[in-house]
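Participant: here's my sequence, what's the structure:
(one chain, ligands or ions: 2)
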Amino acid sequence: MGIKSRFVKKMLSTLGKRNFQNLIELEEQLTQIANTYQSVEESPIRFEIVFEAIEYPADKLKLFSSLRTMKEIPSIMRNIIKSLKSINHNPEEPKTSISDEFLQEFEEYAKSLNIASIGYAKLPRKFIFKEKAVLHDNAIVLTMEMDKEKIEQAPSGKTATMIMQTYDRLGKASNKLTKYLRETGYSAQAGHPLGGLVLYPPLAESADLGYRGKNGLLITPEHGSRVRLTAIYTNIQNLPFAEKNNCKMIQEFCEKCFRCVRKCPGFAIRDYPIKNENGLLTHIDNEYCFPVFLEYHGCSICLKECSFSRVEYSKLMRQFNTQSLDPELI
Ligand code: SF4
Ligand code: SF4
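Facilitator: Numbers count the residues shown, from 1 in each chain. Ligands and ions are numbered 1, 2, ... in the order given. Next comes the predicted model:
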C-alpha cells in the first residue's frame, strides 16, 4: 500500500469514523423525539458511503484520492452535525402559515445562495430512510447545479472535488435557509445533500422538480442530471405543494434512449427495473456500480452521459414529442 493510500485511509478512519458515529447518535436522538415523522416498513436503507469507503481496500480506493477532494469533508461533516443540533433553536410556539410575500423573499434569498430550483411536497414516510426521522412532513426541496465543464471530465479527481464542493455549498445553503425560517418564527430542520435522512430523488419528483431517469438520478428541465438535491422540513402548512409532475415524459424518453445503459463502464444500469437490497425498484445494480464508483473517483459517467445533461431539455422533448428524435443526440 503506498504512502498516499495509507494517508487517505487514516484520514477517512479518524475524521470520517469519529464524526460519522457522532452524527448517527444525533440521528438516533431525533427518532426519540415525540411526534416526529419516522420511517416505515417499506422505507429504504441508507447507503453509508463513508463506512463503505473506510472498509474498501485502500490501494484501490480512488473516491477521495486527492487532498483537494478530502478538504471538503470536515466542512461537510460540520454542516451535517449543525443541521441536526440546530433543531434545538426552533421557536417554542412557531407560526404555521406563510404569506406570498415572505415566500417570495425566501425564494429570492435561496436564489442568491445559488439554489437552481425550489419545489414543495408533502413527505411520504416511505421516503424516510429506515430507522431515521424528521421533525415535519412539509418539505421544501432544493436543487443546486454542478459545474458542466467539470462533469464533462468525469471520472476524474477534478470532477470528484467539484461534486464534494457542491455538496458542501448546498449543505451550507440548506442550513442558512433553515436559520432564516427560524428567525421569522417557523420551525424547520435542514436536510444535508450528503447522508440525508430522506431519499431525495422521489421527493424531488413529488415536488415537480424533474423526474428520475434510468440512471437513478433526478433529471431536471434546467440542468438535466447535473444537480444535487436536499430538502428542508418545516411546520409551514400552506406551502404551494405540487399537485402533479410535469416531467413524466422523461420516463417514456428513457425507454427510447438507453444512452446511460450503453455508456456505464460497470454494466450496472439494467434495461428493466430491479429490486435492490434495500427494497427499492431501480435500474441500478449496486453490486456492479459500487466497485467502479469507489475505484474511479465516484465515476459519475451516467450523470455526464445522460442525454439531458448534454442536450437542452426543450430541444430533446420537442423532437421526442414530434417523433423526430435525432439518434445522434442519444
Ligand atoms: S456511477 Fe458509473 S458504474 Fe455506477 S451506474 Fe453510474 S456509470 Fe455505472
Ligand atoms: S441517458 Fe437516456 S436513458 Fe439514461 S437516464 Fe438519461 S435520458 Fe434516461
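
Participant: separation between Lys48 and Glu145?
Facilitator: If you look again at residue 48, you'll see it is Glu, not Lys. If you measure Glu48 against Glu145 using Cβ to Cβ, to the nearest Å, the figure is 26 Å. Placement of C-beta: from N, CA and C, glycine included.

Participant: more neighbours: these two, which one.
Facilitator: Legend: neighbour count by other Cβ atoms under 10 Å for Glu48 and Glu145, higher for Glu145 (19 against 13).

Participant: now the strands for the stretch 1-150 of the chain?
Facilitator: In chain order, the stretch 1-150 of the chain shows strands spanning 37-38, 117-122, 133-134, 138-145, with DSSP state E, counting those that start in this stretch as the criterion.

Participant: out of those, nearest to ligand 2?
Facilitator: Ligand 2 sits nearest to strand 138-145 of all these, at 16.4 Å, using Cβ to the nearest ligand atom.

Participant: what pairs with the closest one, parallel or antiparallel?
Facilitator: When pairing is defined by DSSP bridges, strand 138-145 lines up against strand 117-122 (antiparallel), strand 227-234 (antiparallel).

Participant: got the buried residues for the first one?
Facilitator: When you say that, I think you mean strand 117-122. Of the residues in strand 117-122, those with enough neighbours to count as buried (16 or more other Cβ atoms under 10 Å) are 117-121.

Participant: and what of stretch 268-276?
Facilitator: Buried residues in stretch 268-276, counted by 16+ other Cβ under 10 Å: 268-269, 276.

Participant: now render these as JSON lines, adding pLDDT and distance to Ser300.
Facilitator: Compiled in JSON lines, these are given as follows (pLDDT from 0 to 100; distance: Cβ to Cβ, whole Å):
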{"residue": "Ala268", "pLDDT": "95", "distance to Ser300": "13"}
{"residue": "Ile269", "pLDDT": "96", "distance to Ser300": "13"}
{"residue": "Asn276", "pLDDT": "74", "distance to Ser300": "19"}
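
Participant: tally of neighbours for Thr230?
Facilitator: The tally of other residues near Thr230 (other Cβ under 10 Å) stands at 28.

Participant: show me what it is bridged to.
Facilitator: Beta-bridge partners of Thr230, counted by DSSP bridges, are Leu142.

Participant: quick check: it touching Gly195?
Facilitator: No: at 10.7 Å, Thr230 and Gly195 do not qualify as touching, with contact defined as Cβ atoms under 8 Å.

Participant: quick check: of the buried residues of strand 117-122, which lies closest to ligand 1?
Facilitator: Proximity to ligand 1 was ranked across the buried residues of strand 117-122 by Cβ to the nearest ligand atom; first place goes to Ser117, at 22.8 Å.

Participant: nearest residue to the closest one in space, please, no chain neighbours.
Facilitator: Thr143 (4.7 Å; Cβ to Cβ, 6 or more residues apart in numbering).

Participant: just give me the residue closest to the centre of this protein.
Facilitator: If you average the C-alpha coordinates of the chain and look for the closest C-alpha using Cα atoms, centre = their mean, you land on Leu229, 3.8 Å from that point.

Participant: list the contacts for the closest residue to that residue other than its chain neighbours?
Facilitator: Distances taken as Cβ to Cβ, 6+ apart put Tyr200 closest to Leu229, at 3.9 Å, once the chain neighbours are dropped. When contacts are counted by Cβ atoms under 8 Å, 6 or more residues apart in numbering, Tyr200 touches 141, 191, 193, 218, 229-231.

Participant: can you tell me which two in these are farthest apart?
Facilitator: Longest distance between any two of these is 14.6 Å, between Gly191 and Leu218; criterion Cβ to Cβ.

Participant: next one: Leu177 from Ile269, what distance?
Facilitator: If you measure Leu177 against Ile269 using Cβ to Cβ, the figure is 34 Å.

Participant: please apply the same query to Arg169.
Facilitator: Applying Cβ to Cβ to Arg169 and Ile269 gives a distance of 28 Å.

Participant: could you tell me which residues of the protein lie near ligand 2?
Facilitator: With the criterion set to Cβ under 6 Å from any ligand atom, the chain comes near ligand 2 through 213-215, 253-254, 257-260, 306-308.

Participant: tell me what Ile269 is bridged to.
Facilitator: As for beta bridges, Ile269 partners with Ile284 under DSSP bridges.

Participant: contacts only, for it.
Facilitator: Listed by Cβ under 8 Å, 6+ apart, the contact partners of Ile269 are 214-216, 260-261, 283-285, 302.

Participant: and the residue of the stretch 101-250 of the chain nearest ligand 1?
Facilitator: Of all residues in the stretch 101-250 of the chain, Asn215 sits closest to ligand 1, with a separation of 6.3 Å (Cβ to the nearest ligand atom).

Participant: what helix or strand is that residue located in?
Facilitator: When secondary structure is defined using DSSP states H and E, no element contains Asn215, which sits outside every helix and strand.

Participant: what's the burial count for it?
Facilitator: Here the neighbour count serves as a burial measure; for Asn215 (other Cβ under 10 Å) it reads 26.

Participant: what of Gly279?
Facilitator: Counted with other Cβ under 10 Å, the burial measure for Gly279 works out to 13 neighbours.
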